[in-house]
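Q: 3D, please:
(one chain, ligands or ions: 1)
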Amino acid sequence: MRSVFLSLGKNKTVVGLARKYGLKLGATKFVAGVEIEEAIKAIELLNGQGKLATLDHLGEYAGSKKEAEEAAAMCLRTLEAIAASGASCNLSLKLTSLGLDADPEACERYMRQILRKAGDLGNFVRIDMEDYGHCQPALDLYRKLKADFPNVGIVIQAYLRRSARDVAELGAAGANLRLVKGAYKEPESVAYPDKSDVDRSFMELIRKHSANGYTAIATHDRGIVEETIAWMSEQGIARDRFEFQMLYGISEELQKELVAEGYAVRIYVPFGKDWFGYFMRRLAERPANVWFVLKHMFN
Ligand code: FDA
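A: Down below sits the predicted model:
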């Protein structure tokens, strides 16, 4: 089931149809809208509930120079819209949407423009981590950018066997990391196949990185959230050295509890026409969501 959703999310015909027909199948539960104005409205509501946000203009795997250029322009527009609204919100993006595959030099140029603009506006940009094939190129580019821009961070996936080494190296360089379990389908040669190993690796990465650099713990797993809180308190790690992150529309009760306890909680808010791949990854994570989609279809 997981593989079916993940491959549907990459199918060009289906993705093209989804783009044409706008948010359907109940996707509004996970995606804040198609237009930036809708996303800003959603963020203002979240800010009103005491939550921070990170805005992601959906899109990945730019197939042409024009698509990559448009994605970069949209990142700049998004930073401006955030600044104009005064929202507490930073930016998340995917390097493949900026043409990492087709033209890595142009991708770096776009990233420099985006980071310069974010710096001018006092904002921060997080590079999402995609499938394994893009992990090393993303880390290489991140390191180059970090040498010139303090306002850039990246994501590390606990399911990858290499991540303990990456976190040790990035931590020594004072990186700001978002730690996640990992959302793509990867072979056993590079990723742990068992959930228990992924969870164990996740906690190890949290322990390791929280001693070195700012840590965003991005999960809806209550067990991991509770273990993290216990660890941070035992180690005397101040609350301004870490934050919890969750996805728009998921585990809202846990989000609320953490805000009430005074923890920083940032919500990842995706928007845009290219919602289908993201939506399929959310279904792949939790087959129970399929019932929710079917209900919408019958309605
Ligand atoms: P797990 O899958 O064990 O779920 C724990 C509980 O959370 C479930 O029992 C359920 O209650 C709830 N839950 C989880 N997923 C749900 C869903 N789709 N619908 C409803 N409930 C759900 N991945 C990646 O590869 N690269 C990236 O850059 C990012 N970025 C990112 C940012 C943020 C803010 C978050 C929260 C997550 C990501 N991810 C990601 C996704 C991440 O890798 C992972 O796939 C999801 O967070 C689901 O895993 P959990 O840690 O929530 O645990």
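Q: Show me which residues of the stretch 1-150 of the chain sit near the ligand.
A: 128, 129 (Cβ under 6 Å from any ligand atom). In this view, the C-beta of every residue, glycine as well, is placed from N, C-alpha and C.
Q: Any idea which residue of the stretch 1-150 of the chain lies closest to the ligand?
A: residue 128 (3.4 Å; Cβ to the nearest ligand atom).
Q: Please, where are all the strands along the stretch 151-299 of the chain?
A: Shown for the stretch 151-299 of the chain, the strands assigned by DSSP state E, counting those that start in this stretch span residues 152-157, 177-180, 215-218, 242-247, 265-271.
Q: re the thing from before, wait, the residue of the stretch 1-150 of the chain closest to the ligand touches residue 93, no?
A: Yes: the pair residue 128 / residue 93 is scored as a contact, 6.6 Å apart, by Cβ atoms under 8 Å.
Q: who touches both of those two?
A: Residues touching both residue 128 and residue 93 (Cβ atoms under 8 Å, 6 or more residues apart in numbering) are residue 56.
Q: Between the two, which is the more surrounded one?
A: residue 93 (25 against 21; other Cβ atoms under 10 Å).
Q: so what's that one bridging to?
A: residue 127 (DSSP bridges).
Q: So it is in contact with residue 125, correct?
A: Yes: when contacts are counted by Cβ under 8 Å, residue 93 is listed as touching residue 125 (6.6 Å).
Q: Just the mean pLDDT for stretch 187-201, thanks.
A: The average pLDDT for stretch 187-201 rounds to 97.
Q: can you give me the end-to-end distance of that stretch?
A: End-to-end distance for stretch 187-201, by Cα to Cα, to the nearest Å: 17 Å.
Q: Wondering if that stretch reaches the ligand at all.
A: No: looking at stretch 187-201 against the ligand by Cβ under 6 Å from any ligand atom, there are no contacts, and the closest approach is 6.7 Å.
Q: Any idea how many residues pack against the closest residue to residue 111 other than its chain neighbours?
A: Distances taken as Cβ to Cβ, 6 or more residues apart in numbering place residue 145 nearest to residue 111, at 5.8 Å, with adjacent residues excluded. Look at residue 145: counted by other Cβ under 10 Å, it has 19 neighbours.
Q: by contact count, what packs against the stretch of helix or strand residue 145 belongs to?
A: In this assignment (DSSP states H and E), residue 145 forms part of helix 135-148. Applying 3 or more Cβ pairs under 8 Å, 6 or more residues apart in numbering; DSSP states H and E, one finds that helix 135-148 contacts helix 104-120, strand 125-127, strand 152-157.
Q: switch to 6 Å and redo it
A: strand 152-157 (3 or more Cβ pairs under 6 Å, 6 or more residues apart in numbering; DSSP states H and E).
Q: Find me whatever residue is spatially closest to the residue positioned nearest the centre of the chain, sequence neighbours aside.
A: In the chain, the residue lying closest to the centroid (Cα atoms, centre = their mean) is residue 128, at 4.9 Å. Leaving aside its chain neighbours, residue 128 sits nearest to residue 94 (4.9 Å; criterion: Cβ to Cβ, 6+ apart).
Q: follow-up on the earlier one: residue 1 versus the residue nearest to the centre of the chain, what's the distance?
A: Between residue 128 and residue 1 the computed distance is 24 Å (Cβ to Cβ, to the nearest Å).
Q: repeat for residue 136
A: 30 Å.
Q: Equivalent analysis for residue 117, please.
A: For residue 117 relative to residue 1 (Cβ to Cβ), the value is 41 Å.
Q: repeat for residue 165
A: With Cβ to Cβ as the criterion, residue 165 and residue 1 are 32 Å apart.
Q: likewise residue 203?
A: Residue 203 is 27 Å from residue 1, by Cβ to Cβ.
Q: With residue 106 instead?
A: From residue 106 to residue 1 the distance is 37 Å (Cβ to Cβ).
Q: who has more neighbours, those two?
A: Using other Cβ under 10 Å as the criterion, residue 106 and residue 1 rank with residue 106 on top: 17 against 9.
Q: Quick check, pLDDT for the more buried one.
A: 97.
Q: For residue 135, see how far away it is.
A: 20 Å.
Q: Can you get me a residue count around residue 35?
A: Considering only other Cβ under 10 Å, residue 35 is surrounded by 12 other residues.
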